[in-house]
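Trainee: fold the following.
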Amino acid sequence: PAHCHRIISFGGYGLFSHEQDKQGGPQPNSLIITEIYQKQEKKHNPTTETMDKTKLAALPVLFGFFVMGFCDIVGISSDYAASAFNWSPTMTGLIPSAVFIWFFFLGVPVGLLMNRIGRKNTVLLSCVVTVIGMSIPLISYSSVTTLVAYGLLGIGNAILQVSLMPLLNDVITNERLRTPALTGAQVVKAVCSFVGPYIVLLAVTYFGGGDEQKWYLCFPIMGAITLISGLWLWATPITEQNTAIVSESSISKTLALLKDKKILLLFFGIFFIVGVDVCTNTISSKVMISRFGYTKEMAGLAPQVYFVLRTIGAFFGVFMLTKVAERMYFQLNIVASIFVLLVLAFVENEIVNFICIGALGFLGSTIFPIIYNMAIRHRPDKTNEIAGLMIMAVAGGTTTFIMGAAIDFTGIAGGAIIILLEVIYLTFCAFKKI
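Mentor: Take a look at the predicted model:
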């Protein structure tokens, strides 16, 4: 009617409409008309549909980051393996490196593979590799098959880390929300890191009847979780961005991106933040054992403190990165880390050392996604290749060898200094303007 007009306003998840008399009074049929308009708007509103699809697509992708956290379970599970097979400390120490070394070899090739088969299919491939690896000890359990399982876990995780973060960028189309989304994904990964020891404990106490020799049952548990993740993602439609940009890439051309000074700077930034993470996780229990006489079981509290604070830091970072510029937040956290490491190296106090371990987890929790997103934003036309380069840098976890040697020669202080040197590079990375 001529005396009515349509009012459009924003609701919580989209648009709704109603009719109102120009003089301010509602029309007799306004409630019916309002209901019809609401149904039509909900049915045909592209904004609502897009938001709903984004949420549905984001959930299985974020769950994939839980699977990504299985690499952090290697530490505690390797202790059980050492006991079961009488491995030497040197042999046991090789396990984390045997997992992380695959990131160096597979980072770039997997980035190129994504150009051919797509990001979602590459994530699904990682799930297949991981499920196969986690099934092997259940079929045949020995020291050899255990090592093979660890190797396939590393291969699957390397493929996953290369492809999952670009896939998350596909479902989070708002540029401003991508860094908080990546940080939120690290929260999910940190939750897995925290509950990891409980997965092993579940395998021993519930499925293994309390027999520590049954620790290997944690592998099929991880395999089952990975299978659920893969099936969920497979059933979820995702539209990948930049799929029309198919370059004639090669390993040499991808590595040539390191000639870009900013990419090179950020590459080593990823290398050293992963080194800081793995080294801090590794040294935390050693601090308690060597300085304060903790038993192995008691010392397990230290990495738990680290993972809890890392999870809290990631949650806090999701909020802060919507309020503060990512570079400034990077700078504040990394400068604070220098102070914490100096205290850890030279102050031998039980409570203070626990605080330092937790603080390092909190302060370092958001640095990886910040650096990663800075690299992708610098060259969005090379997203797949840069993803491969950045995940190749996850091989920084192998710096535990250097830290271990430093501890052998100079004690805990020497190990803390090695971590400090890595943080000093990250400080340069945070303040360098290119």
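Trainee: from here on, contacts and neighbour counts on C-alpha atoms
Mentor: Noted.
Trainee: all strands of the stretch 51-200 of the chain, in order?
Mentor: Applying DSSP state E, counting those that start in this stretch to the stretch 51-200 of the chain gives no strands.
Trainee: where does it have low pLDDT?
Mentor: Applying pLDDT under 70 to the stretch 51-200 of the chain flags residues 51-55, 75, 88-90, 92-93, 179.
Trainee: helices of that one, residue ranges please.
Mentor: With DSSP state H, counting those that start in this stretch as the definition, the stretch 51-200 of the chain shows helices at residue ranges 74-85, 89-117, 119-139, 143-171, 175-202.
Trainee: spatially central, which residue of the protein would that be?
Mentor: The chain has residue 186 as the residue nearest its centroid, 4.1 Å off, counting by C-alpha atoms, centre = their mean.
Trainee: what about the longest helix in the chain?
Mentor: helix 261-292 (DSSP state H).
Trainee: okay, buried residues for it please.
Mentor: The neighbour-count criterion (16 or more other C-alpha atoms under 10 Å) identifies 262-289 as the buried residues of helix 261-292.
Trainee: same check, this time on stretch 225-237
Mentor: With burial defined by 16+ other C-alpha under 10 Å, the residues of stretch 225-237 counted as buried are 225, 226, 227, 229, 230, 232, 233.
Trainee: doesn't residue 402 make contact with residue 97?
Mentor: No - no contact is recorded between residue 97 and residue 402 when judged using C-alpha atoms under 8 Å, the distance being 11.7 Å.
Trainee: more neighbours, the two?
Mentor: Between residue 97 and residue 402, counted using other C-alpha atoms under 10 Å, the more crowded position is residue 97 (19 against 14).
Trainee: not counting sequence-adjacent ones, nearest residue to that one?
Mentor: Nearest in space to residue 97, with sequence neighbours left out and distances taken as C-alpha to C-alpha, 6 or more residues apart in numbering, is residue 398 at 5.2 Å.
Trainee: got it, and residue 76?
Mentor: residue 197 (6.5 Å).
Trainee: what's near enough to touch that neighbour?
Mentor: Under the criterion of C-alpha atoms under 8 Å, 6 or more residues apart in numbering, the contact list for residue 197 reads 73, 76, 77.
Trainee: type out the ChimeraX command that picks the buried ones from those residues.
Mentor: Remark: buried members of these, expressed as a ChimeraX selection using 16+ other C-alpha under 10 Å:
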select :73,77
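Trainee: which one of the contacts of residue 197 is nearest residue 138?
Mentor: Closest to residue 138 out of these is residue 77 (15.2 Å), distances taken as C-alpha to C-alpha.
Trainee: for that closest one, which non-adjacent residue is closest in space?
Mentor: Closest residue in space to residue 77, ignoring its immediate chain neighbours: residue 200 at 6.8 Å, by C-alpha to C-alpha, 6+ apart.
Trainee: separation between that neighbour and residue 211?
Mentor: Shown here: residue 200 relative to residue 211, a distance of 12 Å by C-alpha to C-alpha, to the nearest Å.
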